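Peer 1: sequence isn't available, so here's the structure alone:
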């Protein structure tokens, strides 16, 4: 029996530019992945290049989350998990699954009984709360 792959929830910067505050452990994890689900492939490729992924971008797989329509190929995009492959989920900004279309992907991965590991990084909601002056 093949062990299920892991879905890694990858944080992205809220603004353009590299993420100098990401821990080396997080960067190493991202650099080990070959398959990514993302909101925009162009932005995801730029991020992956900036963190120094060891493989050429052309050898990596990027699958886009549909905008404003049903995610009809969700099962197909997550199929590598069933074959023991790991997948990275990239949000356009912030953390996947928090006020983000990545929530549907996480739910389906849970239903597939795949392991889901959120990596440390920014969350636009938490950052907004911190800067608001309100007591969360």
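Peer 2: That came through, no problem. Small disclaimer: the values here were computed from a predicted structure and weren't measured.
Peer 1: all helices for the protein, in order.
Peer 2: Ranges of helices within the chain are 24-31, 41-50, 74-82, 102-111, 124-132, based on DSSP state H.
Peer 1: distance to residue 65 for those - can I get that in a markdown table?
Peer 2: For glycine as for every other residue, the C-beta is placed from the backbone atoms N, C-alpha and C. What follows is the helices of the chain, written out as a markdown table (distance: least, CB to CB, whole Å):
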| stretch | distance to residue 65 |
| --- | --- |
| helix 24-31 | 18 |
| helix 41-50 | 10 |
| helix 74-82 | 8 |
| helix 102-111 | 7 |
| helix 124-132 | 17 |
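Peer 1: of those helices, which approaches residue 91 most closely?
Peer 2: helix 102-111 (5.8 Å; CB to CB).
Peer 1: distance from the chain centre to the closest one, please.
Peer 2: On the basis of CA atoms, centre = their mean, to the nearest Å, helix 102-111 sits 12 Å off its chain's mean C-alpha point.
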